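In: my questions are about this predicted structure, shown below with the sequence.
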Amino acid sequence: MTTMAAGCKVLLAPPKDPDVPASATMVTVARKYGVSPFRQLREMFALRRGPGRIALAEYYANGLYDPELTMERKREYVGRIGSWEINVDLSPEKLTETRAFLRDKVMYCALLERLGLPTTETRAVAVADRSFGSIPALRTPAELRDFLASEARFPLFGKPCVGAASVGSVLLRGIDGDQLEIGNGRRAGLDAFCREIFEDYPEGFILQSALCLHDDLARVIGEGAVGTLRIVTVRDEQWPRPLYTVWKIPSPSAMSDNFWQSGSMVAQVGNDGRVGRCRRGTGLDGHWVEEHPVTGLRFDAVRIPHWDRAMRVAAEAHALFPEFGIIGWDMAITPDGPVIIEANDNPFHVLWQLANGRGIRNGDFMPVFEAAAARSRQILDGKVAKFRERQRARGRRA
């Protein structure tokens, strides 16, 4: 175990925004795939203007330079903005005014727990200016230090109260004197860690009991960070239902399972819970893997435990907020069953694309998206009509 140098950040930093592709990438694609730089540029700009809104770097990350893909198939892909636009169509902002609550990791988990849905246990929140009832609120770095040194039950998983993509997340395995044992095998100064929390995350930092992965899954991916399912649900005419699932498999050295971290993987999961092929890396560095790089066990031999229950929990949790047309759930499968870690009002459909080698705007999913978006517009129009009728009634009474 190594000790982090003074001044180094403990918490997971955000990924860098993708840059404009280097000319070397363009040359490599031309040599390896026989696609001229001119054709690459022509396709990149066409796809950026298309419905998928694919940025130049995303063209390479998704492997859209592959000449075996027709332009029709390439147009089925989305980038970050195109993914967001799908979600906004299904969950219009004027209809989903509870969005801020859904994003509040403390309050949302408390709601799930109160209503009997399985979720993570919050042990404390480091925040200067909020209260959370019976959940301890640690107001200063000194209070956070005292909690970690004398009251905490390790292991703990910490993350910002507001944020996404696992930015700021950390797995805390224990404490030894004035040193914290971090999940990636490193040590960090306790005082420096506490100062970093309050300096970098003034909106709050949540500390939760770390989860254990079900033995059937831990046997395949190892005992490191928990690899969660991303279950995306859509609202049908009357009730939410699961649309697709992928398994986010962390790099052996990572503290969380977000795919942008080097060495992380994402695997297909069928509607029956069977795991399919798995993708590691993106673009020219990406490749399909059949076995976990450390354990050597095959992914396609796995069926997700507690599968049917996980699907029911996701649908029931979505039904708490039926105004949303689409929600993405990060769910851990523990020995006792599925546990909701958090809800994502803007699920990142690129994960499904990477795991399946296919664009999300395909003939299977687009009718589902369009039907859910139409239903959302119908609900919103109904609410607007009722509001206007109340206004007219008040005017007549006046």
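Out: Ah, there it is. Numbering: from 1, shown residues only.
In: C-alpha only now, for contacts and for neighbours.
Out: Will do.
In: downstream neighbour of the lowest-mean-pLDDT helix or strand in the chain in the secondary structure list?
Out: Among the helices and strands of the chain, strand 2-3 carries the lowest confidence by mean pLDDT, DSSP states H and E, at a mean of 56. Once strand 2-3 ends, the next helix or strand along the chain (criterion: DSSP states H and E) is helix 23-33.
In: low-confidence stretches in the stretch 1-150 of the chain?
Out: 1-21 (pLDDT under 70).
In: so which residues of it form strands?
Out: In the stretch 1-150 of the chain, the strands defined using DSSP state E, counting those that start in this stretch lie at 2-3, 122-126, 137-138.
In: of those, which approaches residue 241 most closely?
Out: Each of those has some distance to residue 241 by C-alpha to C-alpha; the shortest is strand 122-126, at 27.7 Å.
In: quick one: strands adjacent to the closest one?
Out: When pairing is defined by DSSP bridges, strand 122-126 lines up against strand 137-138 (parallel), strand 205-209 (antiparallel).
In: nearest to residue 35 among the ones you listed would be which one?
Out: Per C-alpha to C-alpha, nearest to residue 35 of the strands paired with strand 122-126: strand 205-209, 47.5 Å.
In: let's see that closest one as CSV, backbone CA atoms only.
Out: The C-alpha trace of strand 205-209 is given here as CSV (Å, rounded to 0.1, in the frame of the first residue of the first chain):
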residue,chain,number,x,y,z
PHE,A,205,-20.7,14.9,0.7
ILE,A,206,-22.6,11.7,1.6
LEU,A,207,-21.0,8.7,3.4
GLN,A,208,-22.8,5.4,3.0
SER,A,209,-22.2,1.9,4.1
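In: list the buried residues in the helix or strand that it is followed by.
Out: Going down the chain from strand 205-209, the next helix or strand is helix 215-221, by DSSP H and E. By neighbour count with 16 or more other C-alpha atoms under 10 Å, helix 215-221 contains the buried residues 217, 218, 220, 221.
In: surely the third one and residue 290 touch.
Out: No - in this structure, residue 220 is not within contact of residue 290 by C-alpha atoms under 8 Å, at 11.5 Å.
In: residues shared between the contacts of the two?
Out: Taking C-alpha atoms under 8 Å, 6 or more residues apart in numbering as the criterion, residue 220 and residue 290 both touch 298, 299.
In: how about the helices in the stretch 101-250 of the chain?
Out: 105-114, 141-146, 190-200, 215-221 (DSSP state H, counting those that start in this stretch).
In: er, the stretch 251-398 of the chain I mean
Out: 307-319, 350-356, 366-397.
In: and these, which is most packed in?
Out: helix 350-356 (a mean of 22; mean count of other C-alpha atoms under 10 Å).
In: give me the contacts around that one.
Out: 62, 77-80, 83, 244-246, 259, 266-268, 277-279, 282, 359-360.
In: from these, keep the buried residues only.
Out: Applying 16+ other C-alpha under 10 Å to these flags 62, 77-79, 83, 244-246, 259, 266-268, 277-279, 282, 359-360 as buried.
In: how does the protein divide into domains?
Out: 23-77, 89-104+214-368, 121-209 (automatic domain parsing).
In: now residue 182: closest residue in space that isn't a chain neighbour?
Out: Among residues not flanking residue 182 along the chain, residue 172 sits closest, at 4.9 Å (C-alpha to C-alpha, 6 or more residues apart in numbering).
In: what sits against the one you found?
Out: Taking C-alpha under 8 Å, 6+ apart as the test, what residue 172 contacts is 154, 155, 156, 157, 158, 180, 181, 182, 183.
In: counting neighbours, which of those comes out on top?
Out: residue 158 (25 neighbours; other C-alpha atoms under 10 Å).
In: pLDDT (mean, whole number) over stretch 370-377?
Out: Mean per-residue pLDDT for stretch 370-377: 95.
In: scratch that, stretch 267-287
Out: Computed over stretch 267-287, the average pLDDT equals 94.
In: residues making contact with that stretch?
Out: Counting by C-alpha under 8 Å, 6+ apart, 60-63, 244-249, 262-266, 288-290, 299-305, 307, 352, 354-356 sit against stretch 267-287.
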